[in-house]
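*Asks:* quick one: sequence plus predicted model below, questions after.
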Amino acid sequence: SCKALWADKLGQTSLAVTSMFWGAGAVLQFLVLSWADTNFGLNLSQASVLQAVVSVGIAIGAVGAATFVPLKKCLKVLPMGVLMGVVVVFAAHFNRAMAPSVITLPGGFEISWAIGALAGFFVVPMNALLQNRGFVLMSAGRSIAVQNFNENSSMLIMLGIYSLMIKGGLSSTRIMEIFGAFVAIGMIVVILTHRRNA
C-alpha cells in the first residue's frame with residue numbers, strides 16, 4: 001500500500017508534503033519554547049501559549065482552505081509551503097526589539113499566528129488530496145495507515161536530527177533557520193517534481 005501511494009503522481013506529492021510538514025512541525029513544537037526564551041525572555045508557561053497561538057492560526061488557515069480551495073485546485077497552495085518556510089527563517093531573528101509598539105500582542109504571537117495560518121492553509125488541501133488518492137487506489141483505512149506511518153516516521157527522524165543539533169551546541173536561532181530553509185527548499189523540490197510529473 002505504501003509503495004502504491006508513493007508510485008502515484010498525486011499521491012507522492014501530497015504524501016511528501018504532509019510527511020515533511022508534520023516532521024518539521026513536531027520539531028517546531030519543542031523549538032518554539034527555546035526560541036521564546038532566547039528571543040523574548042518568556043518562561044516556559046508563557047512560551048507554551050505560543051504553541052496554542054500556532055494552533056489557532058492552523059485552525060484559521062484550515063477554515064480558509066476549506067472555504068476557498070476546492071479539491072481540484074488543491075495543488076495551487078503548494079507555494080504557501082515555501083512561504084511558510086521563509087517566514088520560519090525570518091522568525092528565527094524576530095525579537096522583542098523588532099516588535100513595534102503598535103502591535104498589541106506580546107512578542108512572538110504575531111509571527112506564531114502567521115506561521116500557523118500558512119500551515120493550515122496549505123496542509124489541509126494536501127490531506128484532502130492524499131485521502132482522495134488513497135480512497136481511489138486502495139481502501140480508506142489502508143491509506144490512513146500509510147499516511148500515519150510516513151508522517152510518524154518523518155517526526156521520528158526529524159526529532160532525532162533536532163536532538164543531534166542540540167547535542168552539537170547549535171542555538172535555537174540557527175536550528176530555526178535550518179528547519180525553515182529545509183521546509184522552503186523541500187517545498188520547491190516538491191513543486192518542481194510535480195510539474196515534471198504533470
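*Replies:* Noted; the coordinates are in hand. None of these values were measured; they are calculated from a predicted model.
*Asks:* so which bits of the helix ranked longest in the chain are buried?
*Replies:* If you go by DSSP state H, the chain has its longest helix at helix 9-40. The neighbour-count check on helix 9-40 (16 or more other C-beta atoms under 10 Å) flags 10-36, 39-40 as buried. Any C-beta I mention is one placed from the backbone N, CA and C, and that applies to glycine too.
*Asks:* which strands or helices does that helix pack on?
*Replies:* The contact analysis (3 or more C-beta pairs under 8 Å, 6 or more residues apart in numbering; DSSP states H and E) places helix 9-40 against helix 2-7, helix 44-68, helix 78-91, helix 109-137, helix 140-167, helix 172-197.
*Asks:* do you know how far residue 58 is from residue 8?
*Replies:* Per C-beta to C-beta, to the nearest Å, residue 58 is found 26 Å from residue 8.
*Asks:* for residue 66, same thing?
*Replies:* Taken as C-beta to C-beta, the span from residue 66 to residue 8 is 24 Å.
*Asks:* nearest residue to the residue most central in space within the chain other than its sequence neighbours?
*Replies:* Among the residues of the chain, the one closest to the centroid is residue 21, at 3.7 Å (C-alpha atoms, centre = their mean). Sequence neighbours aside, residue 123 is the residue nearest to residue 21 in space, at 5.0 Å (criterion: C-beta to C-beta, 6 or more residues apart in numbering).
*Asks:* try residue 47
*Replies:* residue 36 is the one closest to residue 47 (C-beta to C-beta, 6+ apart), at 3.6 Å.
*Asks:* sorry, back to before: as JSON lines, the helices and strands packed on helix 9-40 with mean pLDDT and mean neighbour count would be great.
*Replies:* Output for these, formatted as JSON lines (pLDDT from 0 to 100; neighbours: other C-beta atoms under 10 Å):
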{"stretch": "helix 2-7", "mean pLDDT": "90", "mean neighbour count": "14"}
{"stretch": "helix 44-68", "mean pLDDT": "83", "mean neighbour count": "16"}
{"stretch": "helix 78-91", "mean pLDDT": "87", "mean neighbour count": "20"}
{"stretch": "helix 109-137", "mean pLDDT": "82", "mean neighbour count": "22"}
{"stretch": "helix 140-167", "mean pLDDT": "92", "mean neighbour count": "16"}
{"stretch": "helix 172-197", "mean pLDDT": "90", "mean neighbour count": "17"}
